[in-house]
Every structure is written in structure tokens, then in C-alpha cells.
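Asks: sequence unknown, structure follows:
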């Protein structure tokens, strides 16, 4: 892609999503920055720097996401780069947790028809080194990042013939607010057999 791009980035209230937004704006690209409703006030500074702002709950029903996609595309007439960044860390053994990729999949389902219609665009998934390693008490997070890598590869194979791309960037460790309490989703129950190892991991993070 060349020229001025239109980005839509999820999870831009802090961390990597916010940094990506700022870098795209520095390139003189257009950015539609999104976050969930309870964090929308945190995007005021991005708006002042030129970003457009939308509320987007990645776990919302698909029909709601279709409506958000319609609103987003109406701003500039297109989305060139769709960045699936929003996520959370949910502690707990794998047996106690469920996958964390369906929100991202539904974002793709909502926006992909607009990209296919133009036969151009890039889908970016933000992965992690956690998709390659095993961490006790992080089963959900490890599994979701491994799934993201696989989904991105499959999507790229399906889209390449019509001019679209899908790619995943897998990061190592760097300092953000990701492990702050508000970024973690608590799990309700505990299985006694996992108490020792899960407790040790929670004490660290």
C-alpha cells in the first residue's frame, strides 16, 4: 500500500494500541481509534492529535459490530488497515477458561466485506511470544495467541488471491499497563488441584 492510509485500531486506550495510533498519525495517516465504552474518555488526547474515535466492544454481538463497521467506513469511505489489538489477560488453568479469539474473529467478519469489495486492505493481528511458550495459569492467553497466529495464516491464504493480506506480529516482553488489575479478567471458580501453581503465578503478576 502507498499513499495516505486509513487505519482502524482496536484497544487504543493504552499500551501498544495507543502507540500504534500515535505512530500512524505521525505518518500523516488517518486513524479511527476504538475502545470499549468505559474507556472512551481515555481517547480524548488521541482525538486532539487528529484521530477519529469510536466506541467498539469486541465482545459485542456480531450485528452490533456490523453497525460499528458501517459507521467507521462512512468516516473516510474505507478502512485500509484493520488492527486487531484489543484483548485482556485472564488468569486461571486451561481447564477453567475458554478461548479469547472470537471477539477478534467477529471484528474481521464485520469489516472484511468492505475490504473485499475494494479488493485491497490488510488485516493485522497482534500476537505474542505467549503463543509459542507454555505458562502455568495462563492457559487462556497462551491458547488465544497460538490461535491468532493460525487464524492469521489461514486468512492470508484465503485472501491473497483477491488482493488482501493478513499478518500477525508476535511481540516479546515490553512494559505496558497490560497486567494492571483493570486489564485482567478474573475467573470465578478455582480448582483445588491447581491452587499451588496458580497462586504462585498470580503473586508474580
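Replies: That came through, no problem. On a predicted model such as this, the values are computed, not experimentally measured, just so you know. Numbering: from 1, shown residues only.
Asks: Please report how far the residue nearest the centre of the chain lies from residue 3.
Replies: Centroid check for the chain by Cα atoms, centre = their mean gives residue 85 as the closest residue, at 2.2 Å. Separation of residue 85 from residue 3 (Cβ to Cβ, to the nearest Å) stands at 23 Å. C-beta: built from backbone N, CA, C; applies to glycine.
Asks: now swap in residue 111 and tell me
Replies: Relative to residue 3, residue 111 is positioned 20 Å away (Cβ to Cβ).
Asks: Between those two, point out the one with more neighbours.
Replies: Counted by other Cβ atoms under 10 Å, residue 111 and residue 3 do not tie: residue 111 has more neighbours, with 23 against 6.
Asks: where's the more buried one, which helix or strand?
Replies: helix 102-118 (DSSP states H and E).
Asks: average pLDDT for that helix?
Replies: Confidence over helix 102-118 (mean pLDDT, whole number) is 93.
Asks: Please apply the same query to stretch 12-21.
Replies: Stretch 12-21 comes out at a mean pLDDT of 91.
Asks: on that earlier part again, quick one: contacts of the helix holding residue 111?
Replies: Contacting residues not belonging to helix 102-118 are listed as 8, 10, 56, 58-60, 62, 65-66, 68-69, 72-73, 78-79, 82, 84, 86-87, 121, 123, 125, 148, 151, 155, 162, 164 [Cβ atoms under 8 Å, 6 or more residues apart in numbering].
Asks: The helix or strand encompassing residue 157: what's the following helix or strand?
Replies: Applying DSSP H and E as the criterion places residue 157 in helix 139-159. Where DSSP H and E defines the elements, the next helix or strand beyond helix 139-159 is strand 164-171.
Asks: who's in contact with that next one?
Replies: For strand 164-171, contacts defined as Cβ under 8 Å, 6+ apart pick out 16, 115-116, 119-129, 131-132, 145, 148-149, 152-153, 155-156, 159.
Asks: residues of that strand that come out buried?
Replies: For strand 164-171, burial by neighbour count (16 or more other Cβ atoms under 10 Å) applies to 164-166, 168, 170.
Asks: That strand versus helix 139-159: what angle between them?
Replies: Interaxial angle of strand 164-171 relative to helix 139-159 (axes from the mean of the first three to the mean of the last three Cα atoms, to 10 degrees): 150 degrees.
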